[in-house]
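A.B. asks: I would like the atomic coordinates for the input below:
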Amino acid sequence: MEPLSEQEIRNAVSNLNGWEHGNDKIKKKFEFGDFKEALAFIVRIGLEAEKLGHHPGLFNVYNTVKIELSTHDAGDKVTQKDIDLATAIEGII
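C.D. replies: Numbers count the residues shown, from 1 in each chain. Modelled structure (predicted):
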């Protein structure tokens with residue numbers, strides 16, 4: 001999988017509500033009512049990520065989940081796999 005160009009990433013992120021690009025990742029922070037809701041969200045992401053064969057960086061503290069996406073097989077750069085998973089995550093939320 002080839003890394004996307006800066007312009008391709010900008011275009012893709014502009015269609016993803018609240019996602020940002022920086023440090024060779026696309027990322028977003030989600031906040032929930034409590035830990036249980038945050039954890040349920042993480043589980044749903046995990047199931048979707050497994051279907052897509054792409055695994056995100058997930059960081060959780062209490063009701064906050066931070067997600068970072070890059071493709072390890074592409075030198076930890078942003079690829080279409082990251083955009084596809086971010087799109088799927090938006091469908092979960």
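
A.B. asks: how about the helices in this structure?
C.D. replies: Secondary structure of the chain by DSSP state H: the helices cover 6-14, 35-52, 80-92.

A.B. asks: ranking those by burial, who's on top?
C.D. replies: Highest mean neighbour count among the helices of the chain (mean count of other Cβ atoms under 10 Å): helix 80-92, with a mean of 18. C-beta here means a position set from N, CA and C on the backbone, and glycine is covered the same way.

A.B. asks: which other helices and strands does it contact?
C.D. replies: strand 25-31, helix 35-52, strand 64-69 (3 or more Cβ pairs under 8 Å, 6 or more residues apart in numbering; DSSP states H and E).

A.B. asks: TSV for the ones you listed, including distance to residue 3 and mean pLDDT?
C.D. replies: What follows is the helices and strands packed on helix 80-92, written out as TSV (distance: least, Cβ to Cβ, whole Å; pLDDT from 0 to 100):
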stretch	distance to residue 3	mean pLDDT
strand 25-31	12	98
helix 35-52	18	97
strand 64-69	12	98
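
A.B. asks: could you dump the helices of the chain into a markdown table with distance to residue 61 added?
C.D. replies: As requested, the helices of the chain are arranged in a markdown table below (distance: least, Cβ to Cβ, whole Å):
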| stretch | distance to residue 61 |
| --- | --- |
| helix 6-14 | 24 |
| helix 35-52 | 9 |
| helix 80-92 | 18 |
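
A.B. asks: just to revisit the earlier point, mind putting the helices and strands packed on helix 80-92 into TSV with distance to residue 91?
C.D. replies: Putting these into TSV (distance: least, Cβ to Cβ, whole Å) gives the following:
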stretch	distance to residue 91
strand 25-31	13
helix 35-52	8
strand 64-69	14
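
A.B. asks: which of the ones you listed sits closest to residue 84?
C.D. replies: Comparing the helices and strands packed on helix 80-92 by their distance to residue 84 (Cβ to Cβ), the top pick is helix 35-52, with 6.3 Å.

A.B. asks: quick one: the closest one to chain centroid distance?
C.D. replies: Helix 35-52 sits 11 Å away from the centroid of its parent chain (Cα atoms, centre = their mean, to the nearest Å).
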